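Chemist: turn this into a structure:
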Amino acid sequence: MFGKKKLADTSPPKVPSGAVFEQAEKEARKNKLDASTHPEFALYGKHVFTGQVADDYLKQHGSSGAILKEHSWVKNHADVVASAMLEWAIDHGATTFCHWFQPLASSGVRHGQTGQVYNMMLKFNNKTNKVEYDFKGKDLVQGETDGSSFPNGGLRATHTAAGYLAIDTSSPVFLRGDTIFIPSIFVSYYGKALDEKTPLLRANDAMSTHGARFLKHLGMEDAIEHGLKANIGLEQELFLISREQFFRRPDLQFCGRTVMGRVPPRDQEMCDHYMGALSTATPALACMKEIQDECFKMGIPLKTRHREVAPGQFEFAPEYGINTVQIDQNLTVMQVIEEVAAKHGLAALLQEKPFDGINGSGKHNNWSIATGNDIPLFLPGPINKATNNPVAFPIIMAAVVAAIDEHGDLMRMSIASPGNDFRLGAMEAPPAIVSTYLGADMTNYLKAFKDGDSKAYLPDTGSIDIGVKHIPAFNIPSEDRNRTSPFPYGGARFEFRAVGSSQNCSMVNTVLNTICAAKFAEFSDRIEAGETAVDIAKEALNKHWKVIFNGNGYDLESQAMLTKSGVWRIDSGVEAIKCLGSEKNLALFDKMGVMAKDEMLAREVSLHDHYTGTVVMEAGSFCDMVNRHVIPSVKAAGQGPLAGLVDAVKIITKAQEVIHETENHYEKACLARVLRLETMVELRKVCDAAEEIVPADLWTLASYKQLLFLDSH
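Modeler: A predicted model of the protein is given here:
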């Protein structure tokens, strides 16, 4: 009744036909070459709510990722987006949300340089004593916090403290650990910007509005429809040192830089560290790989890693992108660097000049402008073709050159971080003279244009043949690299090399976009008044030609020549910050709708206070280290400049008292600058002289040798 038992099929398996086998082989090869299937990259972008990730989750809630392309979703679709984000968060282990914003004056002191308040995506049912998921559109798009406890330059006070947070729709929400981070702007009860990002967003709008109007005059009919956008790429330099030795340096712990320390017998004179092998013998390589892995999850395209010039110095570089996204990602990268370094027994130093006598660290801001449909403005071929105008490019370049020359003071202000005081002007950092390098071909082309020759730009790309038969000749660009220029043209982009490594680059890009918006508007006004674009551009180039400098920025005669010609030179960061309050600059930012007068003056106060506070911490650390380390070591050794050390503490203590007694923010900052760049520079020589003669076993502070050479320690 059970029937016959079925015998097993012992016939040989069917061999797929040639066509089927070939197709299977193609699919296997295709999958192998798909980087997203590689285990190391499979999570790339999974922790950022944009692109395919957002689309997949929104479709499960009856919508699609297309709604995120219009900022109006915050009014019309906020609940749908919040529901999709909640599910995405839960799937990745996150149960907390945070409005993530950028307070003023945070570089070098605030971890991550952001403000963060964490709220659970939960509600608590008192009737059932259970928790329930709860994250609505209203929670996503807006928040509130105190504004008076952040640096605000007088825009807020304890009795007028309200600060409001609103989502920045230009930058995607991302996830890390158990939290989703919502990039946000931070403003006062009266809508005044209390953060770094709000002015940048306004500057983006100004540049887009006036730039599109300008392009329409140059022949691009659909310019207004597409608008403009600013793209940047931010290279991040840093030092990685032993965490054990880091804890033997109070100055590094409190200030991020050494206020004393003798340069060892070997430093960077052989250039042997630059692009050197990332050795597995130290934790640095594993640390850098984990930093990249963390960033990849959040969709941060941190493509490049390498050693830099100084011992213990390294660099990361991402691919370029929209400025607001790139800045948000760079702040995240800096936080990840510090946290991952600690896991590997390292300390990351992001300050511009942690060590005397060797290279400092920068954050080169590679800046370009493109139309909304990705036509670059700084390449002649594409923009001339899009406008059907063979001289559109030199006219645009004339506006940029004029902006640099007229507003070099603002460009200098934008890089006036405390650490740049020690970095600018040497060791591959440009001087504080704001000129631009264009290269010989571009300079000759613009010269011919302003002199009446409208021939096409034909750069001499050139080629190199090294005379070896199995290495074919290869092409090189027309522009060389001028690392002494603060703002060189590099084909399709300008590289703002003077930006400091610890900086939030929002102010840098706010300035670049605002000054170009103003020039685009000025050119447009004059065209509408009856002048020709070519005549306006020629006049601008003739007037502002002095700002183009292709020579050696370190050459003292060239520096004197540029200064005499009227190119902006502001050696003091304190004086550069003061430029925010000049009538020229107040009028500029107000006219462009980027910052009102009170917002500008608040930034001047905040940045001066930040500078003074940084110096006060450094001076306090100096005195503490002399009293608790250097003097005891000298006494134990029975030799060294004991009297000089005692006098040094007295001099610095007195200078601090004078700073504290001074009320005006600018005057305090001026006193702090003298203390830092004159008094302390001289007095550290006394400490370094003591280190030179005190036996190593009696010297209780970590030496430069122990700090800088991971390979040896």
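
Chemist: let me see the confidence value for residue 713.
Modeler: pLDDT, residue 713: 54.

Chemist: also residue 18?
Modeler: 68.

Chemist: against which helices or strands is the helix or strand harbouring residue 251 packed?
Modeler: Element membership for residue 251, per DSSP states H and E: helix 250-255. Where contact means 3 or more Cβ pairs under 8 Å, 6 or more residues apart in numbering; DSSP states H and E, helix 250-255 is packed against helix 597-625. In this view, the C-beta of every residue, glycine as well, is placed from N, C-alpha and C.

Chemist: show me what contacts the most centrally placed residue in the chain?
Modeler: When Cα atoms, centre = their mean is applied to the chain, the residue found nearest the centroid is residue 505 (4.4 Å). Residues near residue 505 by Cβ atoms under 8 Å, 6 or more residues apart in numbering: 232, 234, 326-327, 330, 363, 365, 499.

Chemist: which of those fall in helices?
Modeler: 326-327, 330 (DSSP state H).

Chemist: I'd like the residues you listed laid out as JSON lines, including pLDDT.
Modeler: Below are the ones in helices among the contacts of residue 505 laid out as JSON lines (pLDDT from 0 to 100):
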{"residue": "326", "pLDDT": "97"}
{"residue": "327", "pLDDT": "97"}
{"residue": "330", "pLDDT": "97"}
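
Chemist: can you mark which positions in stretch 68-83 are buried?
Modeler: Buried residues in stretch 68-83, counted by 16 or more other Cβ atoms under 10 Å: 68, 73-74, 77-83.

Chemist: what lies in contact with that stretch?
Modeler: Contacts for stretch 68-83 (Cβ under 8 Å, 6+ apart): 50, 54, 58, 61-63, 67, 135-141, 167, 169-170.

Chemist: show the end-to-end separation of it, please.
Modeler: Start-to-end span of stretch 68-83 (Cα to Cα, to the nearest Å) is 14 Å.

Chemist: residue 251 reaches residue 354, doesn't it?
Modeler: No. Residue 251 is beyond contact range of residue 354, at 9.3 Å (criterion: Cβ atoms under 8 Å).

Chemist: more neighbours, those two?
Modeler: Using other Cβ atoms under 10 Å as the criterion, residue 251 and residue 354 rank with residue 354 on top: 29 against 21.

Chemist: correct me, but the more buried one touches residue 239?
Modeler: Yes. Under the criterion of Cβ under 8 Å, residue 354 makes contact with residue 239 at 5.5 Å.

Chemist: between those two, which contacts overlap?
Modeler: Here residue 354 and residue 239 have residue 361 as joint contacts, going by Cβ under 8 Å, 6+ apart.

Chemist: before we move on, back to that, if we look at the helix holding residue 251, which residues are touching it?
Modeler: Counting by Cβ under 8 Å, 6+ apart, 108, 241, 246-247, 257-260, 347, 349, 351, 354, 614, 617-618, 620-622, 624-625, 707 sit against helix 250-255.

Chemist: hmm, back to that, quick one, phi/psi of the residue nearest to the centre of the chain?
Modeler: Main-chain torsions, residue 505, degrees, to the nearest 10: phi -80, psi 10.

Chemist: kindly report the same for residue 318.
Modeler: Main-chain torsions, residue 318, degrees, to the nearest 10: phi -100, psi 170.

Chemist: for it, give me the pLDDT.
Modeler: Looking at residue 318, its pLDDT reads 94.

Chemist: just checking, it touches residue 305?
Modeler: No. Using Cβ under 8 Å, residue 318 is not in contact with residue 305; the gap is 10.7 Å.
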